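A.B. asks: just a sequence and a predicted model for now, questions to come.
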Amino acid sequence: SLGSTAIMEFLARNTRHVQGAVLIGPNPEFEFPRILTVFAALLHPSLYFIFKPILKQYLKHFRIDRKNEADQVKKVLKTCDAADPRKLKPSAFQIRGYRIFGILDRITTPVVIIGAAKDKLHDSEAVRNIASRMKNATYFEMASNKETHCAKSGIIIRKYIESHCAYDPNKDMELNRKVS
């Protein structure tokens, strides 16, 4: 999600010719509740470890469908556990209030965007809105976050690459034979 957003930033600069891109669950904006922003500004990063269990419970119970998205819950909670609070705090303040909508019309690269209808962390309406504002985007909606990271999405991605990118695997095979 954040990676997809970073890719869109790169594509909007048009500094390199890119044949195509695949974005899974891009986030159009990063908003935090004002009280959380004030609270985080006052706290020393080392206190993250005290509030981490509260954050994890909030994500687990209010932001992720824990019944149907057990893998997503595990991934997000593992990320919370691995976070370095000294890096997390300044990073969060840097992306706070970020919105991608102002640059979408500058992205001319063919893009496939994959969203999930039931993903609470990556609002499907917002992801569809991103796709509709881009000149050359194709949107696919999976049922869940899990489906956006499985074979079903892999097939869509493979077909997209085969139809939009000038990639010839046979040439790679020839190059590998010459190098060996």
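C.D. replies: Thanks, I have the structure now.

A.B. asks: what distance separates the helix or strand containing K146 from the centre of its chain?
C.D. replies: Secondary structure from DSSP states H and E places K146 in helix 145-148. Relative to the centre of its chain, helix 145-148 is centred 12 Å away, using Cα atoms, centre = their mean, to the nearest Å.

A.B. asks: helix or strand right after that helix?
C.D. replies: Counting by DSSP H and E, what follows helix 145-148 is helix 151-164.

A.B. asks: re the thing from before, helices or strands up against the helix holding K146?
C.D. replies: helix 70-82, strand 111-116 (3 or more Cβ pairs under 8 Å, 6 or more residues apart in numbering; DSSP states H and E). In short, each C-beta sits where N, CA and C put it, glycine included.

A.B. asks: let's see 10 Å
C.D. replies: helix 70-82, strand 111-116, strand 137-142, helix 151-164 (3 or more Cβ pairs under 10 Å, 6 or more residues apart in numbering; DSSP states H and E).

A.B. asks: quick one, which of the ones you listed is packed in tightest?
C.D. replies: Of all the helices and strands packed on helix 145-148, strand 111-116 carries the top mean neighbour count, a mean of 25, counting by mean count of other Cβ atoms under 10 Å.

A.B. asks: the following helix or strand past it to strand 111-116, inter-axis angle?
C.D. replies: Moving toward the C-terminus from strand 111-116, the next helix or strand (DSSP H and E) is helix 124-133. Interaxial angle of helix 124-133 relative to strand 111-116 (axes from the mean of the first three to the mean of the last three Cα atoms, to 10 degrees): 170 degrees.

A.B. asks: off-centre distance for helix 124-133?
C.D. replies: 13 Å.

A.B. asks: just for the protein, where's the confidence low?
C.D. replies: 166-180 (pLDDT under 70).

A.B. asks: so who does the residue positioned nearest the centre of the chain touch?
C.D. replies: The centroid of the chain falls nearest to S1 when counting by Cα atoms, centre = their mean (1.0 Å). Counting by Cβ atoms under 10 Å, 6 or more residues apart in numbering, S1 makes contact with 23-27, 30, 119, 121-122, 127, 145, 148.

A.B. asks: thank you, goodbye.
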